[in-house]
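In: this one's sequence-less:
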Ligand SMILES: [Fe+2]
Ligand SMILES: [Fe+2]
């Protein structure tokens, strides 16, 4: 199993896992922003009623993003482990085949066959598991990507509500809107890069 | 890879594998040994990953792979046992005998099927059919946990890195001119062996054994009087020379 550019797929798998770990960290930032938003909206009082309603959505987005990205991250670690195991088994298979070639005239050549068969079977199982994990993971990534588009909408609405909340709080609420947009953006970047990497794992 | 029967007895044989002309140039040449009895076989210091295919191919020239019920690793070095993860896939029910000290390290090479027999510091034995082999302590020569294999019936000592020589791939299998051979052993023993105390302790232990053939993991084997010549030479040698004294 090779990737399109000939780079080892288990390296891509590990890189995806690392990317998604970064996404998890950023998702926690959204979570923090959400609780700041709630506190600020309360202090802003009546003028920020519209904004207060939005904080619930920000909060929900944060929760979903943290949950999804940490789940995806642990899936990615599993996939990366499968990828390394697959590579190891593939290399063993190659060495068994070379041994069979070298032993073509040797008396007990056939005694290698059970081990060869076992390794072939193991390789097939691992390969299938790996492909399944790749598909599942890229599905979940697409889902997270869609979820994150909500963030752009939320940020825009937050800006509108910020200006309606009165001079004193407008600036701080705008910062919150900006934070949400930026964090979502960062996560999107990691997600997109992971999706690109998946594209390189030839299936 | 060359295969050579070095002892042929009623109940068992010793076989040496080595001098593989297809071996990648940058890796050190190694000798592997096998004892074959009626229904079992012991593979000693089976070698590195790079050598595995050639070794497996040559083993099945002698015995079905299922007959290898025992594997021995004198110590933890990659040229000794980094092929373990591959043998582990080839052998379903074998036992690896190796120094207890290195178990947690050797397992890094991958071991799921093979079981581990931890040799205690004082040594132990293994019996294949009616043949009993002894694991003789050789600690600090050069690894801090290290054993050699002695076969009292065949009078053969498999001596791991002791007696090793750095030589070209086409070197003869046996030492002919001992004084000449010293040139290719000198640096190896002075630099890889760390302790004069350990060395002399081993020499005393081995002098008490009846040995006709001493088989190191690199270079040539010592037969007859060359065994005694080696012990005398090694005893007189100052080792651990990377430290300025
Ligand atoms: Fe060694
Ligand atoms: Fe060695």
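Out: Right, received. Where do you want to start? Predicted model only: the values in this text are computed from it and were never measured. Residues are numbered from 1 along each chain as shown, chains lettered A, B, ... in the order given. Ligands and ions are numbered 1, 2, ... in the order given.
In: assign residue A:53 to helix, strand or coil.
Out: Classification of residue A:53 using DSSP: H, G, I helix; E, B strand; the rest coil returns helix.
In: count the residues that sit near residue B:65.
Out: Using other C-beta atoms under 10 Å in any protein chain shown, residue B:65 has 24 other residues around it. C-beta here means a position set from N, CA and C on the backbone, and glycine is covered the same way.
In: tell me the phi and psi of it?
Out: phi -60, psi -30 (degrees, to the nearest 10).
In: where's it relative to chain A, distance?
Out: Look at residue B:65 and chain A: by C-beta to the nearest C-beta, to the nearest Å, they are 5 Å apart.
In: SS state for residue B:197?
Out: Under three-state DSSP, residue B:197 falls in the helix class.
In: and it, how many neighbours?
Out: Around residue B:197 there are 11 residues (other C-beta under 10 Å).
In: same check on residue A:105?
Out: Counted with other C-beta under 10 Å, residue A:105 comes out at 8.
In: the bottom helix or strand of chain A by mean pLDDT?
Out: helix A:9-44 (a mean of 84; mean pLDDT, DSSP states H and E).
In: other SSEs contacting the top helix by length along chain B?
Out: Counting by DSSP state H, the longest helix found in chain B is helix B:178-192. When contacts are defined as 3 or more C-beta pairs under 8 Å, 6 or more residues apart in numbering or on different chains; DSSP states H and E, helix B:178-192 packs onto helix B:225-236.
In: can you give me the angle the host helix or strand of residue A:147 makes with helix A:9-44?
Out: Assigned by DSSP states H and E, residue A:147 belongs to helix A:113-164. Counting by axes from the mean of the first three to the mean of the last three C-alpha atoms, to 10 degrees, helix A:113-164 lies at 20 degrees to helix A:9-44.
In: span of stretch B:104-120 from start to end?
Out: Stretch B:104-120 has an end-to-end distance of 14 Å (criterion: C-alpha to C-alpha, to the nearest Å).
In: quick one: average pLDDT of it?
Out: Averaged over stretch B:104-120, pLDDT sits at 97.
In: contacts for that stretch, please.
Out: A:88, B:71, B:73, B:76, B:81-85, B:87-89, B:91-100, B:103, B:126, B:135, B:147 (C-beta atoms under 8 Å, 6 or more residues apart in numbering or on different chains).
In: shaky segments in chain B?
Out: Within chain B, no range satisfies pLDDT under 70.
In: can you give me the helices in it?
Out: With DSSP H as the criterion, chain B has helices spanning B:52-62, B:78-81, B:84-90, B:103-106, B:178-192, B:196-207, B:225-236.
In: okay if I get those as a markdown table plus distance to residue A:110?
Out: Output for those, formatted as a markdown table (distance: least, C-beta to C-beta, whole Å):
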| stretch | distance to residue A:110 |
| --- | --- |
| helix B:52-62 | 9 |
| helix B:78-81 | 27 |
| helix B:84-90 | 14 |
| helix B:103-106 | 30 |
| helix B:178-192 | 40 |
| helix B:196-207 | 41 |
| helix B:225-236 | 40 |
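In: ok, residue A:150 touching residue A:58?
Out: No - counting by C-beta atoms under 8 Å, residue A:150 stays clear of residue A:58, with 9.8 Å between them.
In: tell me, how many neighbours does residue A:124 end up with?
Out: 11.
In: low-confidence stretches in chain A?
Out: A:1-7, A:202-203.
In: up against chain B, what does it have?
Out: For chain A, the contact set with chain B under C-beta under 8 Å from any C-beta of the partner chain comprises A:88, A:92, A:95-96, A:98-103, A:106-109, A:111-112, A:115, A:118-119.
In: what do you get if the cut-off is 10 Å, keeping everything else the same?
Out: Contact residues, chain A versus chain B (C-beta under 10 Å from any C-beta of the partner chain): A:88-89, A:91-116, A:118-119, A:122.
In: which members of those additionally contact ligand 1?
Out: Near ligand 1, judged by C-beta under 5 Å from the ion, there are no entries from the residues of chain A next to chain B.
In: for ChimeraX, write the select line for the buried members of those residues.
Out: The ChimeraX command for the buried members of these (criterion: 16 or more other C-beta atoms under 10 Å in any protein chain shown) is given here:
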select /A:88,89,92,93,95,96,98,99,100,102,103,106,108,109,111,112,115,116,119,122
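In: which one is the closest residue to ligand 1 within chain B nearest to, not counting chain neighbours?
Out: Nearest to ligand 1, among the residues of chain B, is residue B:77, at 3.6 Å (C-beta to the ion). Closest residue in space to residue B:77, ignoring its immediate chain neighbours: residue B:143 at 6.9 Å, by C-beta to C-beta, 6 or more residues apart in numbering or on different chains.
In: next: residue B:65.
Out: residue A:111 (4.5 Å).
In: and that neighbour, how close does it get to ligand 2?
Out: When C-beta to the ion, to the nearest Å is applied, the distance between residue A:111 and ligand 2 equals 28 Å.
In: and that residue, that's in a helix?
Out: Yes - Residue A:111 sits within a helix when classified using three-state DSSP.
In: residue B:216 is in contact with residue B:192, isn't it?
Out: No - using C-beta atoms under 10 Å, residue B:216 is not in contact with residue B:192; the gap is 11.8 Å.
In: return the distance of the residue nearest to residue B:164 when sequence neighbours are not counted relative to ligand 2.
Out: Once flanking residues are discounted, residue B:164 sits nearest to residue B:218: 3.8 Å by C-beta to C-beta, 6+ apart. Between residue B:218 and ligand 2 the computed distance is 6 Å (C-beta to the ion).
In: likewise residue B:14?
Out: From residue B:14 to ligand 2 the distance is 19 Å (C-beta to the ion).
In: spit out the contact partners of that residue.
Out: Applying C-beta atoms under 10 Å, 6 or more residues apart in numbering or on different chains to residue B:14 gives the contacts B:4-8, B:33-36, B:42, B:44, B:149, B:151, B:154, B:156, B:158, B:213, B:215.
In: please redo it, this time with the cut-off set to 7 Å
Out: Residue B:14 makes contacts with B:6, B:7, B:33, B:35, B:154, B:156, as judged by C-beta atoms under 7 Å, 6 or more residues apart in numbering or on different chains.
In: ok, and the closest non-adjacent residue to the second one?
Out: Distances taken as C-beta to C-beta, 6+ apart place residue B:14 nearest to residue B:7, at 3.8 Å, with adjacent residues excluded.
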